[in-house]
Every structure is written in C-alpha cells, then in structure tokens.
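Colleague: After the sequence you'll find the predicted model.
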Amino acid sequence: MKLKKAPWLCAALFCVIGPLWAEPHLKCIKIAITNPTDQNRSAENIVLSVAELRKVAPDIYIGSHIVTATDASTVAEDAAALRTQELPSQVDDIDGDLKPDELAFQIDLRPHQTRIVTITWGPPDRIFRLRGDYEPQTNAVFTKKIDGMGWESKRESFRLYFDKRNAIDLYGKPRPTLQLERYATPGYIYHNYSPDGRDIYLVADALGIGAPGAWVNGEAQHISEVDNRSWRIISTGPVRAIVELTYQGWRIAGKSVNLRVRATQWAGERGFLQTVTSTDAGDLTLATGLTQQQGIPEVRSRADDDPLWLAMWGEQAVEGGNKAVSPILRGTNLGLAIIMAPGSEAIPNKDSKDYLFTFPLKNGAASWYSLAAWDQEGSNNPVPVVGAREPREHVARVAGVDAIKNQDQLLATVKDIAARMKSPATVKILSSSPELQSAPADTLHPPSSRTYKQAIDLLQKEIDRTAEKHKNDLKLDQIAIVGASTGSGFFTDGNNQTGEWKTQKGFFWTGGFWVGELWKMYARTHDEKYRRWAELWTSPMLGKEAQQNHDTGFLYFYSSVAGYQLIHDQKLRDSAIRGADHLLDMYNPTTELIPAWGKNGDDSIIDTMMNLQLLWWASRETGNSKYKDVGLKHALRTADWFIRPDGSVIQSVHYNPGDNRQEFRLHGGGASPDQPFAFPNDAKPGERVFYHTHQGYSWETSWSRGTAWALYGFATAYRESHDPRLLATAQKVADYILSELPEDGVPWYDFYDEGVMFRNRDSSAAAIAAGGLLQLAGLMQNGEKAQLYRSQADRITHSLIDRYLTPAYPGDNSPPGILRHGSGTRPADGMLIYGQYYLLETLMALDAQ
C-alpha cells in the first residue's frame, strides 16, 4: 500500500520518528502587566521576584534571558503578534549571596492598558545571539573624591556626604550622560563650569535633597555620631542603580540605633527612592526634607493627600567655580521635591534649615522619593546627522528639549510620581509552567491528515483561481515593457486569509516560480490551459536574460528549462542557454563565485546555490563542461565560506573581487541597503572581507530559508557533480536543520529566533527543506540515513499540507490551496509564490514514488 493512500500509516510514521525532532532550545513565561489608572505610564518600573518565577519555572536561567513585550492584552492576542519589543532588563543580587534575587525592567503603558510580557531563557549561545547590548543608563561610585557615595541616571547625579554631614548634594546636567566617573577623576574640579554637568547645589549644613535624619527637640538631626559606617553598591546597569548605606551604633535621642538605607535610581528618572530600615529604632521619629534656599517658599500637597509631598521651585542653583559656595546663578531655576510613600503617616514640618517631613518607622521601614529638576537639562544634547563621523556633523537641539521649565511642570511631575507610588502597575504571572512559543493559532487544529493527491488538488485550485483572475493582466502589446522591476502581471506575496496576491512591479526574482507551477500542472494533467498560461507568463521574460542578476537561475530554470523539457520549443531552449551564459559571464575566477548583483560584484549569497541548477542543466543539454565547471567551483567555495562547522548557514559574504575596493553596498536588508558602506580592509584579491544577513535575525544566526536553499542546492550539486565534498556539505546542513526544527517541522524564519523577537514561521523554508531532504535521501548510500531524510521530508510535508495549507482547520473559510505563514522578510507573514511552488514540486515527487 502506498503512503499517499494511507493516512493512518502517515500518522503511525509520525509516532515512530517523533523522538528524532529537536528539543526546543528556548522556554518562556508569560506575564500580564496592567496600568490600573487613566494616566499614561511611560517607563513604568517593574520588579519581579526570581523566587516567584522559580515557582513556575524551576529551571529558569536568569542571566541568560530576554524580556520582550507586545501590545497584546491577552495570551491569545500575544500569540498572534508577529513582532515583540525587547525591554532592557537587569538582574540584581540584593542580599550579596551571588544569586539572583530580582529581575527589573521598565515598560510603557497607556491608560488602563494590559501588556503581555514574555521572559525567555535558554543557553547563552542562543540568547546572546538575540539579546541586545543594553547601554548603561545608571551608575554608582564610592570615592573620597566626591566625599562618599554617588549615584546617577543620565538626567541627574546625586552624592551623599558619607561623614558627619550625611547630606545629599546634586550635579546638574545640560548633557544627558553618565558623568560620575568624570567627577571622581583625580584632579578634576566638578564645581567648574562644563558644557556637560557640574555641582550646582549648595547644601550648607542642612539635609540637602532628601537625606535621612531624626526629629529631636524640634530640629532635624543628621546621622552624625555613629560607631561605624559602611557602604555597598548593589547594582548598576541599564535599568537601575541600587546603593546601600549602613550605620551601626547611631547615637541619637539617647538611643543607639542601627540603620540601613537603600537608594534606588531608575533609568531616565530625575530622582531616586530611599528606603530606611531598622530593627531597633523603637519610637524614634525620622525626618527628611529639602534645604531652605534663598527664601524660596515650599509648596505642599493638601493635608488629606496620600502620599504627601513638598516641592520648591526657583533660583537655587549656584554659579560655577572652584567651590560650591559661589553666588546663586540668576536666570535659571531648579526644582526639588520630596514625595513620601503612601501610608507613611508623615507630618509636614520644618526647622531653621529645612522644609521637612517627620515620620515613624512602620514595621521597621519607611520610604520616600527625592526629585531634582534643573531647567538647563538637555540644553546641550547633540544629535548626530545620519552617518556623522565628527563633531561638526551634529546638531544642537533647541525645540523639544525634555526639561522642566516652570513650577507648574514641576508640580505635574511630582503628582505623577505620587500617583505611580500610590497605584503601581499590577503584575500577574499567567504561566503555570514553562512554555514554548506557539506556532500560529490557525495551524494548531488540523481537520485530518491529507494524502499527497488531496494536497495537490488544493494547490491546483489555487493555481486555477490565480490564473483565471490575472491572465488578462499581461497585455500582449505591453509584454515588451515588462521587466524585473517594470510592468505588471506577476506576484510574490499574498494574503494568508483571502489568497489575494499583492500587486508588484515586474517579474522580480520570483517570476519563474509561478510559471514553474503552471508547467508542473501541465506535466501532471496534460491540460492545454496550463501550457497556454505557462507560455503567456514566460513570454515577458524571454530575451531579457542578460539584464538579470544571479537570480537568472530562478527565473529561467523554472520557466524556460521546465517548458523546454515538456514541449521542446527551441526559443525556450535558447532562452535557458542565454541565461546560463549570463551566469558564466558574471562568474569571477578570482573569487570562484558568481556575484549576486552583477558582474564584478563583491557580494555572493547562499541563494545562488539554487541558481546553479541552470548551469547543471546547460552542461547536460549542450555537452559543454564549462557550465558544470563553474557550478562546481562556485559550490565548493560556497561550502567553504558560507557553511559553519555546525551546518548553520551565512547568508551573504562580501569579498575583494580583485580591485581592492574599500567601499561596498549592502544589497538587501537594513534601512538603507543601497547606501555606500565604507569598510577599510586589507583583504587580498579573492579573499573575504565581511559577512552579514539580509533576512535573518543577525549576522551570527541562520536564516531558515537560506539554510534550506543550501540543503537543496548542495544536494543538487552533488547529484550533478558526484563530488563527495558536496554530499558531506549537504548532509551537514540537513542534520543541522533536523536538529533545529520545532515540533511541527515548520521552522521559524531564523533557526535561532524561536519566536522571541519575531514570531514568524516560514512555510516556504519548510517546503524547500522538504524537497532538499527528499532529494538527498535518494543520493545516500547509507540506508539508515536515506530513510531518515525521507521520513523527515514526509513529516515536514504532512505538517505543511495538514496544518498550513487551507483549509487548515474546521470552519476555515479561506479559499483552498493557500500555503499560509511564509515570511519573505520578517515580520511579513503570508503566502509566498516560491512556497507554493516548492510545496507542489515536493508533493508531486512524493506522489510519484
């Protein structure tokens, strides 16, 4: 009984070979974060307990993780999102035992918005090919040079005099950068004028900006008399800085008190949160506040507000000089504020030096937020023009400077912080165990297992529907003007649901696949309509072979060669030979490669392995070995330069084509793919200069369709050349693919990105890989390997025709024959003409066996 007539046998085969499929490398947890208010929350601070995460996922690899978010509010919506936003995150060891305690990040939330956050973890070799390099946004230092402990965001820097003064001072920053290291540099005078930042505040003998003290006999007493002071920098990084100050034996109000203060500075914020804890303070009343300056009045919240706050706005920054005792700097304003934690039972107060809050410790702790806002923030924030390489290629921002300019803006900011403290975002862990990023939802409930013939019939319906609809798009009097990028009548990308093809200019690099489908259907049915359609869509490409790039192979192997082999029309043979000759003309003997985009180019891509099919055919057809010779040299060089030791694949390699060029063009991928790219190098003629990707996640990952091109291309190259090196390469790539495929056999667009950054599967890559495996199976001398590759080709194909080919689930109302979820370039998601073609080709090969 043939497999194509026995769906039950297909299912049994699935069970037998199931264990051969790779275990997923990455796991995740889903979390819902909700803004409970009707206010926007930009950069909401989120802290997750690692201990709580481990209750759900004991094996979670904190440190080798990525935090991402979508705008989805439910898990179902999140599964349908194609692109995520990476959120810089930070792991902190709070208690100093060298184990992770907290995971912190920031997230933007609209009013009442819920966003789904995904924490993904896995081996560092995976995660750190995906995870971004998070620029430090906070810092902390301790040095006598600044009299103690300093902490900062890019907006402001603070320092605490770690001596009897125990007061908090301020460095203001016209330029938003991290500057504490500069202030701590020996010999540097941080009071001096600087375009970037300096000490701008006069603390005198007061508390400064929110330093802790005690309320004794009507005065705020500093933490002065102590037996021992110690400090610890808990963390710094892209999200927050945390410092800890410990005071042992503070002699105050007839007591000896042990006190610990933690200050947390979040990225992008003008202020910091302090938490004071003590187990032996008893009924000691603590105090914090702001230095009274220049007669500037305090502004306070209403008595019944919770949390309470106080603020000051006015000319209280000092001029630059050798000490921070210079006159007040006129014409600029500095805003300061203290916001107590909700429920603090704080009492507004003051003494001769400070505007204060006095408060008890509740359950041994108290917290408050200290804020500083100088109206000169951001006044020296240079913005580079595109490609800037020197200072004169920057502009100085005037409009849109993000600074607080008046008291009303200060109070609005204070109230916003108070609201955040009172109603922080809620966090709910949705996962009950570690998860895998799901395949598309519409692939999860296939109606039944199809035979190959049933699937071919579905594809035939799509072909008929497309041809009937578009056959009049090619006007006979306009065929001459149709080129790779001009004219109409061809298509590449279609809609997953409607099956409608998007309009495009010209036949692009993909025109041959549609024609190839038509020739395939003509060969199967001998129905003359398919021949007429194939000849119609082939005609605009004839005679334009020398105008193409390396995709000459794609264009003419699947149109002219396929047609000639069926109907023996001399003009189709002539077209195919012209295409092969064009590839020979492009070939560079110095590099032993066919460049991708034109003669004397400096870039070859893995896709060209497929275009060699035109050369293999021409060599057989003409008996002239020159075509085969070039194909073999290109294949061997590609095996050497493009295939990594583990079988993963580089998409694009740039090289010195012989003229020692120092400037290149990155065709495909990137924001400006055709812009000149200066890359100084000393590569000798014929040597590599650099490699990159157009459509994969990054230069160091493996784009799945390119990897499938490699498998198919090297299998074909071995079949035509019998060179064992090419068989070994094809096997290496095949084994890599099989080790990376997800459970349903349809790869993510990139083998390393398992739905972390982009949620795209690529059904076209699966179809190509299935065809490559099937071909490789027929070339193997090793029977076990042959069976493995054949069975895997079967399984991939069945997954495609059962799960991705419409109708794909009960009640699926899309037109039949759409191969869903191809990804030309992420995050695009739809049907692809080459996915349709290779699925048809593979199905017909399987059906014939």
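Modeller: Yes, it's here.
Colleague: My guess is residue 641 contacts residue 687. True?
Modeller: No. Applying CB atoms under 8 Å as the test, residue 641 and residue 687 come out as separate, 10.1 Å apart. Using the backbone N, CA and C atoms, a C-beta is placed for each residue, glycine as well.
Colleague: the more surrounded of these two?
Modeller: Neighbour tally, residue 641 and residue 687, criterion other CB atoms under 10 Å: the higher count belongs to residue 641, 17 against 12.
Colleague: Test for you: state the pLDDT assigned to that one.
Modeller: pLDDT for residue 641: 99.
Colleague: Quick check: chain neighbours aside, which residue is closest to it?
Modeller: Sequence neighbours aside, residue 653 is the residue nearest to residue 641 in space, at 5.1 Å (criterion: CB to CB, 6 or more residues apart in numbering).
Colleague: Beta-bridge partners for the one you found, please?
Modeller: In this entry, residue 653 is beta-bridged to residue 604, residue 691, by DSSP bridges.
Colleague: Now do the helices in the stretch 351-500 of the chain.
Modeller: For the stretch 351-500 of the chain, the helices defined by DSSP state H, counting those that start in this stretch cover 407-422, 452-470.
Colleague: In CSV: these, plus mean neighbour count and mean pLDDT.
Modeller: CSV is the format used below for the helices of the stretch 351-500 of the chain (neighbours: other CB atoms under 10 Å; pLDDT from 0 to 100):
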stretch, mean neighbour count, mean pLDDT
helix 407-422, 17, 98
helix 452-470, 19, 98
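Colleague: Make a markdown table from those helices and add distance to residue 812 to it.
Modeller: Shown next, in a markdown table, are those (distance: least, CB to CB, whole Å):
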| stretch | distance to residue 812 |
| --- | --- |
| helix 407-422 | 46 |
| helix 452-470 | 11 |
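Colleague: And these: which comes nearest residue 307?
Modeller: Residue 307 lies closest to helix 407-422 among the helices of the stretch 351-500 of the chain, at 5.1 Å (CB to CB).
Colleague: Which neighbouring elements make contact with that closest one?
Modeller: On a contact count with 3 or more CB pairs under 8 Å, 6 or more residues apart in numbering; DSSP states H and E, helix 407-422 meets strand 41-49, strand 309-314, strand 334-340, strand 365-374.
Colleague: Of the ones you listed, which stretch is the most buried?
Modeller: Ranked by mean neighbour count under mean count of other CB atoms under 10 Å, the helices and strands packed on helix 407-422 are led by strand 334-340, which reaches a mean of 28.
Colleague: can you list contacts of that strand?
Modeller: Strand 334-340 is contacted by residues 172, 200-201, 209-210, 271, 288-290, 307-317, 346, 357, 359, 367-375, 404, 407, 410, 413-414, 417-418, 421 when judged by CB atoms under 8 Å, 6 or more residues apart in numbering.
Colleague: Pairing partners for that strand, with directions?
Modeller: strand 309-314 (antiparallel), strand 365-374 (antiparallel).
Colleague: quick check: angle from the longest one to helix 407-422?
Modeller: When axes from the mean of the first three to the mean of the last three CA atoms, to 10 degrees is applied, the directions of strand 365-374 and helix 407-422 differ by 150 degrees.
Colleague: so what's residue 394 up against?
Modeller: Residue 394 touches 382, 383, 384, 385, 388, counting by CB under 8 Å, 6+ apart.
Colleague: farthest-separated two in those?
Modeller: Top of the distance list for the contacts of residue 394 (CB to CB): 382 and 385, 10.2 Å.
Colleague: Find the residues that touch each one of the two.
Modeller: Contacts common to residue 382 and residue 385, judged by CB under 8 Å, 6+ apart, are 394, 395.
Colleague: hang on, the earlier thing: rebuild the strands paired with strand 334-340 as JSON lines, extending it with mean pLDDT and distance to residue 497.
Modeller: Output for these, formatted as JSON lines (pLDDT from 0 to 100; distance: least, CB to CB, whole Å):
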{"stretch": "strand 309-314", "mean pLDDT": "98", "distance to residue 497": "53"}
{"stretch": "strand 365-374", "mean pLDDT": "99", "distance to residue 497": "50"}
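Colleague: can you list those strands in CSV and add distance to residue 221?
Modeller: Formatted as CSV, the strands paired with strand 334-340 follow (distance: least, CB to CB, whole Å):
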stretch, distance to residue 221
strand 309-314, 19
strand 365-374, 16
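Colleague: out of these, nearest to residue 32?
Modeller: Residue 32 lies closest, by CB to CB, to one member of those: strand 365-374, at 25.8 Å.
Colleague: The closest one: how far from the chain's middle?
Modeller: 34 Å (CA atoms, centre = their mean, to the nearest Å).
Colleague: same deal with stretch 185-196?
Modeller: 39 Å.
Colleague: Quick one: residues in contact with that stretch.
Modeller: Residues from elsewhere that reach stretch 185-196, judged by CB under 8 Å, 6+ apart: 145-146, 171, 173-175, 177, 179, 182-183, 198-199, 320-324, 326, 380.
Colleague: and the end-to-end length of that stretch?
Modeller: 15 Å (CA to CA, to the nearest Å).
Colleague: Ok, stretch 266-279 next?
Modeller: Where stretch 266-279 begins and where it ends lie 27 Å apart, using CA to CA.
Colleague: Show me which positions of it end up buried.
Modeller: 266-278 (16 or more other CB atoms under 10 Å).
Colleague: now swap in stretch 230-238 and tell me
Modeller: Buried residues in stretch 230-238, counted by 16+ other CB under 10 Å: 233, 234, 235, 236, 237, 238.
Colleague: State the mean pLDDT of that stretch.
Modeller: Stretch 230-238 shows a mean pLDDT of 99 in the predicted model.
Colleague: try stretch 585-594
Modeller: Rounded mean pLDDT across stretch 585-594 is 98.
Colleague: Give me the residue ranges of the protein where confidence is low.
Modeller: Along the chain, the parts satisfying pLDDT under 70 run over 1-22, 324, 668-673.
Colleague: quick one, domains of it?
Modeller: 27-134, 138-381+392-425, 445-848 (automatic domain parsing).
Colleague: quick check, distance from the first one to the centre of its chain.
Modeller: Meaning domain 27-134. Using CA atoms, centre = their mean, the offset of domain 27-134 from its chain centre is 14 Å.
Colleague: End to end on that domain, go ahead and measure it.
Modeller: Span of domain 27-134 from end to end, CA to CA: 22 Å.
Colleague: do you know how far the residue minimising distance to the centre of the chain is from residue 135?
Modeller: For the chain, the residue lying nearest the average C-alpha position, counting by CA atoms, centre = their mean, turns out to be residue 757 (4.3 Å). Applying CB to CB, to the nearest Å, the value for residue 757 to residue 135 is 18 Å.
Colleague: Kindly report the same for residue 467.
Modeller: In terms of CB to CB, residue 467 sits 53 Å off from residue 135.
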